[in-house]
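*Asks:* Next one to model:
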Amino acid sequence: MSRPAPTPLREADLQRWKLVATFRQALAEAIARHGLSPSFADPKRLLDLADYLSLFLFGLLNPVVRTMRGLCQASHLERVQRELCSRPVSLGSFSEAQHVLDPALLAEVFQALAEQVPPDERLDPRLRTRPWLIVDSTLWEALPRMRWALWRHQHQTQRAVRLHLGFHLLESRPARATVTAGQGCERAAWRAQWEPGDCYVGAPLLR
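*Replies:* Okay, here's the model as predicted:
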């Protein structure tokens with residue numbers, strides 16, 4: 001029995017446009033400081049860095065877009081092309097762009113965005129003398145061909161990436177992050193990020 005065709009996406013189904021606009025501004029400032037990688041600077045490349053990352057982030061902000069195919073379908077919508085990407089995006093172009101992305105540039109962009117979150121003025125100023133961080137990790141399902149992202153064998157081989165995140169408790173913003181394979185140890189990731197003088201709360205202890 002064949003599967004029913006997916007319902008076409010509409011502009012009315014999508015949201016969080018302003019968040020992506022803020023992200024694009026921070027990305028443009030980072031690119032102005034560091035420049036583009038040779039691959040993305042090549043004029044022959046039709047999918048540029050800002051369009052690729054904006055479309056990727058937009059998919060995370062809109063659960064109605066479930067797959068990469070759905071993101072590429074959304075790129076045909078008029079408003080998406082006007083605000084996120086300048087042209088329709090093919091599956092091949094979207095998939096290939098991940099291999100030439102500079103993670104350090106992206107990390108700088110998110111750090112700049114996190115610093116825009118204003119501190120809570122209701123807090124006792126004495127508490128701000130040192131960072132208080134909640135540390136935890138989240139698993140994200142990965143594609144079978146990502147062999148390095150092995151997570152576990154449970155009836156089948158499962159692959160995932162693990163996002164290790166430090167969340168600034170007093171300022172309500174992410175502070176530090178790193179990505180490992182699904183089997184990555186939370187304690188080992190924390191030891192690689194910790195800094196003298198910080199105070200840490202292990203999120204599993206709060207459950």
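
*Asks:* Low-confidence stretches in this structure?
*Replies:* Applying pLDDT under 70 to the chain flags residues 1-6, 119-130, 203-207.

*Asks:* Spatially central residue in it, please.
*Replies:* Residue closest to the average C-alpha location in the chain (Cα atoms, centre = their mean): Leu57, at 6.4 Å.

*Asks:* tell me the SS of Arg145?
*Replies:* Here Arg145 is recorded as coil under DSSP: H, G, I helix; E, B strand; the rest coil.

*Asks:* Against Cys85, how distant is the residue nearest to the centre of the chain?
*Replies:* With the distance defined as Cβ to Cβ, to the nearest Å, Leu57 ends up 12 Å from Cys85. All C-beta atoms are positioned from the backbone trio N, CA, C, and that covers glycine.

*Asks:* which ones are touching the residue nearest to the centre of the chain?
*Replies:* Taking Cβ atoms under 8 Å, 6 or more residues apart in numbering, we find Leu57 in contact with Leu19, Val20, Phe23.

*Asks:* Three-state assignment for it, please.
*Replies:* Here Leu57 is recorded as helix under three-state DSSP.

*Asks:* so how far is His76 from it?
*Replies:* In terms of Cβ to Cβ, Leu57 sits 18 Å off from His76.

*Asks:* try Glu171
*Replies:* Counting by Cβ to Cβ, the gap from Glu171 to His76 is 39 Å.

*Asks:* the more surrounded of those two?
*Replies:* Legend: neighbour count by other Cβ atoms under 10 Å for Glu171 and His76, higher for Glu171 (18 against 13).

*Asks:* so that one touches Glu115, yeah?
*Replies:* No. The pair Glu171 and Glu115 does not pass the contact test of Cβ atoms under 8 Å, sitting 9.3 Å apart.

*Asks:* mind exporting stretch 87-106 as CSV, just the C-alpha atoms?
*Replies:* The C-alpha trace of stretch 87-106 is given here as CSV (Å, rounded to 0.1, in the frame of the first residue of the first chain):
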residue,chain,number,x,y,z
ARG,A,87,16.0,30.7,-4.8
PRO,A,88,14.5,27.1,-4.5
VAL,A,89,17.0,24.7,-2.9
SER,A,90,17.6,21.2,-4.2
LEU,A,91,18.1,18.2,-1.9
GLY,A,92,21.6,17.7,-3.3
SER,A,93,22.7,21.3,-2.7
PHE,A,94,21.3,21.3,0.8
SER,A,95,22.9,18.0,1.7
GLU,A,96,26.3,18.9,0.3
ALA,A,97,26.5,22.3,2.1
GLN,A,98,27.0,20.6,5.5
HIS,A,99,30.4,19.3,4.4
VAL,A,100,31.9,22.8,3.8
LEU,A,101,30.4,24.6,6.8
ASP,A,102,32.9,26.1,9.4
PRO,A,103,31.5,25.1,12.8
ALA,A,104,33.7,27.7,14.6
LEU,A,105,32.0,30.5,12.6
LEU,A,106,28.6,29.2,13.6
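
*Asks:* which strand of this structure spans the most residues?
*Replies:* Secondary structure of the chain read by DSSP state E shows that its longest strand is strand 157-168.

*Asks:* Strands of the chain, start to end?
*Replies:* Assigned by DSSP E, the chain shows strands spanning 132-141, 150-153, 157-168, 173-181, 199-202.
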